[in-house]
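Student: Got a predicted model here, sequence first, then my questions.
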Amino acid sequence: MTQKELRAKAMALPLQPGVYIMKNKDKKIIYIGKAKKLKNRVSSYFGSHTNHSLKVIRMAENVDDFDYILCDSEFEALVLECSLIKQHQPKYNILLKDDKGYNYIKITKGDFPRIRECKQMLDDGATYIGPYTSNFSVKQAVDETLKIFKLPRCNKQFPRDYGKSRPCLNGFMGLCASPCAGRISQSEYADNVKDAIAFLKGGSVKTVREMQAQMEIFSENLQFEEAAKLRDRIKSIKNLEEKQKVVSINVPEEDVFALVSSNKKSCFEVIRFEYGKLTDSEFWIIDAVDDAPQARFDLIGRYYSMRQRVPSRIAVDGEIEDEELLKQFLESKRQRKAEIIHPQKGEHLSIVNMCIKNANEHLAQQQGRLGRELATLEELKNLLGLKKVPEYIESYDISHTFGADNVAGMVVFHNGRPMKKAYKKFAIKGFDGQNDVGSMQEVLTRRFNHYYNDEEGSTFKILPDLILLDGGEPQVNAVLPVIQSMGLNVPVFGMVKDSKHRTRAIAVNGGEIEINSHRQVFTLVSSIQEEVHRFAITYHHNKHKKSSLSTSLTKIDGIGDAKAKALMKHFKTVSAIKAATVDELQKVNTISKKNAADIYQFYHKL
């Protein structure tokens, strides 16, 4: 539909609450929203764009049709909107990636067990405590336990490394019992691990109570050295608890949210308290928000659609659009009262400020990395005379063995970093023999056919800002007509190597651009050239290996790929297979007596 037709359809909507579902020309859902009055909200997308952000304008331009669902109330519309967004994950909604998995505490087997945090349980004989939903709390618990019970956190293996080296810094600081220096026996170490597991399972209160009782028994029996060890452990636990009070609050449970923004990105941060203690912390880097109150409404709603626990109190760093509606949504999920506060003073304000500080730090770290990379891309743009910063770069390389098993690799760098999910492999199909220029033409033709024909969601649908070919002017001259004939305008350059196979320059139609004096650009282009060469040659080696098998073993009657692999696994080389007797061949799993006789006959021409 045209924008005029879409506006006419929107103007026919009722002035009732509901959910609207925007779709593109491929009928894919790209945005889901709620409205108190459907007609007013939906029609606003297809009128004047004066008050709309660039993101909203782009979304509206991609809308080809929309559906809607009427609701009895705005609250019902909000619940339905959250459910549909969670189900469809539309491109233009503010989305939070839920990477929360289960977390475990792992105690390895052996004479000197180690305590670690991990993401999954393995069938490795270890003992696991969990699962826990908070990675933050698991890391904190393991770290505290290792400190209290003076267990090693290094990579040394015991008993192999027992008593074979000087203690590390942790040993000198009294944070580790130093089995590496032989300062603790295996039995004492095992007792420490046993007590550590009890601490992890029972918590500090129960553990301290048991330790105090045991300490009194040791004292009565004049076992003062053992009593002193327990005294030191109790002291360590209480010291850690005192430190934790610095980030504690006088309420049973509370979540604290902060949203900070820069020119291009925003950070949404949450820190969670249970039993008055900080128990979890999460953050998301998202596109910069234009309307902070509306963004807080959306983000907090999205967050609790991903989490089961809704606390009794939520503290935020600023205004929330439709706060009462959000509160109603949270209370319906919690099944009890929930309070949203905007702290102005006291401990709650200090916790909100801490959340804001963390969000600013995470945003600064992200922008520091991204800033350097974008500065390099800006320099590359100016060096090559491009119209825009090449945020999405594709690079291609051809690999073969004297014209056999021709393949090509395509790698993608997004904002200066490898985007491995977009890498592609091509087996050359158009001809046999060595023809790098012809191979490059075929690959680029196939790549842009995918651009026109693939469904939405394919990384082939992303048009690159720049193409870098491994090769010089001939490759560039061969590819440019292909791209032009397909109605596209994508800059294409070559990457030229010196006699030592190091990147020397960038080839352009009619000459070369020297990049050695541009350190950051040189590093980036070298990285791209090395990565595409590695990717292409790895694919070629795998294909060539399979091809070599098929030209020999799989030519034998009754021997397919599976049996060929079994033979190679057993004998390691084709020469060893040729030298084997029928009886030796029969020992290979899946190889019958007839197979063995046929293999022997094939290689000995009987």
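Tutor: Yep, it's here. Everything quoted here is computed from the prediction, not taken from an experiment. Numbering: from 1, shown residues only.

Student: low pLDDT regions in the stretch 151-300 of the chain?
Tutor: Across the stretch 151-300 of the chain, the stretches falling below the confidence threshold (pLDDT under 70) are 202-207, 236-251, 263.

Student: Now Ser575, what are its backbone angles?
Tutor: phi -60, psi -40 (degrees, to the nearest 10).

Student: In contact with Ala177, which residues are there?
Tutor: 150-152, 171, 183-184, 188-189, 192 (Cβ atoms under 8 Å, 6 or more residues apart in numbering). Where C-beta positions appear, they are placed from N, C-alpha and C, glycine not excepted.

Student: Okay, and which of those map to helices?
Tutor: 171, 188-189, 192 (DSSP state H).

Student: Distance to Val490 and neighbour count for the residues you listed - can I get that in TSV?
Tutor: Listed next are the ones in helices among the contacts of Ala177 as TSV, based on distance: Cβ to Cβ, whole Å; neighbours: other Cβ atoms under 10 Å:
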residue	distance to Val490	neighbour count
Gly171	59	20
Glu188	68	13
Tyr189	63	22
Asn192	63	19
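
Student: Kindly reformat those residues as TSV and extend each row with distance to Ala507.
Tutor: Putting the ones in helices among the contacts of Ala177 into TSV (distance: Cβ to Cβ, whole Å) gives the following:
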residue	distance to Ala507
Gly171	57
Glu188	68
Tyr189	63
Asn192	64
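
Student: Between those residues, which sits nearest Phe329?
Tutor: Asn192 (48.4 Å; Cβ to Cβ).

Student: right, and the closest one touches Leu151 too?
Tutor: Yes: contact status for Asn192 versus Leu151: in contact at 6.3 Å, counting by Cβ atoms under 8 Å.

Student: In the stretch 501-606 of the chain, what residue spans correspond to strands?
Tutor: With strands called from DSSP state E, counting those that start in this stretch, the stretch 501-606 of the chain shows them at 503-508, 511-514.

Student: Point out the most buried one among those strands.
Tutor: Neighbour counts (mean count of other Cβ atoms under 10 Å) averaged over each of the strands of the stretch 501-606 of the chain peak at strand 503-508, with a mean of 20.

Student: going on from the helix or strand bottoming out on mean pLDDT in the chain, what's the next piece of helix or strand?
Tutor: None of the helices or strands of the chain scores lower by mean pLDDT, DSSP states H and E than helix 224-244, at a mean of 68. Downstream of helix 224-244, the next assigned helix or strand under DSSP states H and E is strand 253-261.

Student: Could you tell me which other helices and strands that following strand packs against?
Tutor: Counting contacts by 3 or more Cβ pairs under 8 Å, 6 or more residues apart in numbering; DSSP states H and E, strand 253-261 packs against strand 265-274, helix 292-306, strand 313-316, helix 346-384.

Student: what about 10 Å?
Tutor: Secondary-structure packing of strand 253-261 (3 or more Cβ pairs under 10 Å, 6 or more residues apart in numbering; DSSP states H and E): strand 265-274, strand 277-287, helix 292-306, strand 313-316, strand 339-341, helix 346-384.

Student: Make a markdown table out of those and add distance to Thr2 and mean neighbour count.
Tutor: As requested, these are arranged in a markdown table below (distance: least, Cβ to Cβ, whole Å; neighbours: other Cβ atoms under 10 Å):
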| stretch | distance to Thr2 | mean neighbour count |
| --- | --- | --- |
| strand 265-274 | 34 | 22 |
| strand 277-287 | 28 | 17 |
| helix 292-306 | 28 | 20 |
| strand 313-316 | 41 | 21 |
| strand 339-341 | 43 | 15 |
| helix 346-384 | 35 | 16 |
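
Student: Make TSV from the ones you listed and add distance to Leu80 to it.
Tutor: Listed next are these as TSV, based on distance: least, Cβ to Cβ, whole Å:
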stretch	distance to Leu80
strand 265-274	23
strand 277-287	23
helix 292-306	12
strand 313-316	22
strand 339-341	22
helix 346-384	30
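
Student: Just tell me which of these ends up closest to Asn135.
Tutor: Closest among the helices and strands packed on strand 253-261, using Cβ to Cβ: strand 277-287, at 8.2 Å.

Student: circling back: so what sits against both of Asn192 and Leu151?
Tutor: 113, 177, 184 (Cβ atoms under 10 Å, 6 or more residues apart in numbering).

Student: quick check, nearest of those residues to Phe571?
Tutor: Pro113 (40.9 Å).

Student: which residues sit in contact with the closest one?
Tutor: Going by Cβ under 10 Å, 6+ apart, Pro113 touches 106-107, 126-127, 151, 158, 189-190, 192-194, 196-197.

Student: In CSV, list those residues along with distance to Arg309.
Tutor: Shown next, in CSV, are the contacts of Pro113 (distance: Cβ to Cβ, whole Å):
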residue, distance to Arg309
Lys106, 25
Ile107, 27
Ala126, 29
Thr127, 27
Leu151, 31
Phe158, 40
Tyr189, 38
Ala190, 37
Asn192, 34
Val193, 32
Lys194, 32
Ala196, 28
Ile197, 27
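
Student: What subset of these is buried?
Tutor: 106-107, 126, 151, 158, 189, 192-193, 196-197 (16 or more other Cβ atoms under 10 Å).

Student: ok, back up a step: which one, of the strands of the stretch 501-606 of the chain, ends up nearest to Cys82?
Tutor: strand 503-508 (49.0 Å).

Student: Give me the below-cutoff pLDDT ranges for the stretch 351-500 of the chain.
Tutor: 369, 402-404, 432-433, 499-500.

Student: for it, what spans make up the strands?
Tutor: 392-401, 404-414, 417-418, 424-427, 466-470, 492-497.
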